[in-house]
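> Prediction below, plus the sequence it came from.
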Amino acid sequence: MQKIRLAIPLQTDSIVDGPGIRAVVWTQGCGHHCKGCHNQETWDFHGGTLYDIETVKQDIKALENHDGITLSGGDPLFQAQACYELAKYAKELELNVWCYTGFTFEQLLSMKEKDPYILKLLEQVDVLVGGRFELSQKSLNLKFKGSRNQRIIDVPKSLELGQAVLIHKYDQEKAWTQKYQKPEFLYI
Ligand code: SF4
């Protein structure tokens, strides 16, 4: 039976990993090792727990009142085949799919010969948040991403045109008023 290595079981009810209410697949394993990564415990490719894909699918099927799933980690692209299976299943259930990765869209396209599941996964993804986390470009005022260099990409349009198409509504950096410059406010 096909397996996926996850840091934790499927997380439900997230409001910070893409729009709406989302379930997050926290994949285990990341080779990017970005300085300042806040998820370093997910780097180890032998860490976390192996789950049957079918078990995770059942967890996705059981979701109520969720808008979509988000593949995160770790880096889901290191488990492209397993993530493809989950993304395809989510789409069949009419859930939208976001995917976070340390790779750029262009890097992923150049890797598609090496691993055909990279393209197959991208074909199931609605939005890709791509690029390494760059500590020098970190900002807490960004929506759904950690550093300014990361790009939030419309994947179907990008695949159609063969180049990254950004979703500009997520491009803006929030200009805080004094009132909201307090730790108790969460920008979502
Ligand atoms: S790609 Fe993400 S999980 Fe991997 S090291 Fe960079 S910030 Fe951390």
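Here it is on my side, so go on.

> how much distance is there from the helix or strand where Y84 lies to the middle of the chain?
According to DSSP states H and E, Y84 maps onto helix 80-92. Taking the mean of its C-alpha atoms, helix 80-92 sits 13 Å from the chain's own mean (C-alpha atoms, centre = their mean, to the nearest Å).

> Count the neighbours of Q79 for me.
25 (other C-beta atoms under 10 Å). Using the backbone N, CA and C atoms, a C-beta is placed for each residue, glycine as well.

> Run through the residues that contact it.
By C-beta atoms under 8 Å, 6 or more residues apart in numbering, Q79 lies in contact with 4-5, 27, 29.

> any idea which of the residues you listed has the most stuff around it?
Going by other C-beta under 10 Å, T27 tops the contacts of Q79 with 27 neighbours.

> Next up, the contacts around that one.
Counted by C-beta under 8 Å, 6+ apart, T27 has contacts 4-7, 42, 71-76, 78-79, 83.

> now it, which residues is it bridged with?
L6 (DSSP bridges).

> Mind jotting down where the helices sit in this protein?
Listed in chain order, the helices of the chain (DSSP state H) span residues 53-61, 80-92, 105-110, 116-122, 155-161.

> And these: which comes nearest the ligand?
Closest of those to the ligand is helix 105-110, at 11.9 Å (criterion: C-beta to the nearest ligand atom).

> Just the C-alpha atoms of that closest one, please, in PDB.
What follows is helix 105-110, C-alpha atoms only, in PDB (Å, rounded to 0.1, in the frame of the first residue of the first chain):
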ATOM      1  CA  PHE A 105       7.800  27.200 -10.300                       C
ATOM      2  CA  GLU A 106      10.600  27.300 -12.900                       C
ATOM      3  CA  GLN A 107      12.700  24.800 -10.900                       C
ATOM      4  CA  LEU A 108       9.800  22.400 -10.700                       C
ATOM      5  CA  LEU A 109       9.200  22.600 -14.500                       C
ATOM      6  CA  SER A 110      12.800  21.800 -15.100                       C
END
